[in-house]
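Q: Give me a model of this one.
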Amino acid sequence: MLNTTTTVTADPLSATFAALADPTRRAILARLTLGEATVMELAKPFNMSLPSVSRHLKVLETTGLVSKSRSAQWRRCRLEVAQLRAADDWLAPYREFFDTRFDRLEEQLKTMVAHRKSGGKSTPKHA
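A: Numbering: from 1, shown residues only. Have a look, this model is predicted:
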């Protein structure tokens, strides 16, 4: 299990990506995009003990991806977007890089298709 206690204060972005590396935690976050849920509701789809799900929630809570509130005997969990936004901001330049590359690839493919349709009479551009 991930120990994020010291990592969060030193590097929240690394802790966020470490927390997101686990498919169970990603599934929990995906469920929370639909709205708040109790720990029992979050545990229901998983084939694991309640304490195991609670440990996953603790990692998400420690990294700031989830918050818990208490109402009577129920603990409700809520998605917190600040850390996800920070990760998305960090990824943005890479997304732009790949979008540019895909745009260039699309243009190259269009040129190649046009060249093939014309029977090879025009010279394709190289990206």
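Q: Show me what residue 37 is bridged to.
A: residue 77 (DSSP bridges).
Q: ok, it touching residue 76?
A: Yes - the criterion here is CB atoms under 8 Å, and residue 37 meets it with residue 76 at 7.0 Å. For the C-beta atoms, the positions are set from N, CA and C on the backbone; glycine is no exception.
Q: so how many other residues sit close to residue 43?
A: Residues lying near residue 43 (other CB atoms under 10 Å) number 19.
Q: go on, residue 79?
A: Residue 79 has 19 neighbours, counted by other CB under 10 Å.
Q: quick one: contacts for it?
A: Residues near residue 79 by CB atoms under 8 Å, 6 or more residues apart in numbering: 29, 32-33, 65-66.
Q: Mind doing that once more with 10 Å?
A: With CB atoms under 10 Å, 6 or more residues apart in numbering as the criterion, the residues that contact residue 79 are 28-37, 60, 65-67.
Q: In helices, which of these appear?
A: 28-32, 60 (DSSP state H).
Q: Tell me the one of the residues you listed nearest residue 96?
A: residue 29 (24.4 Å; CB to CB).
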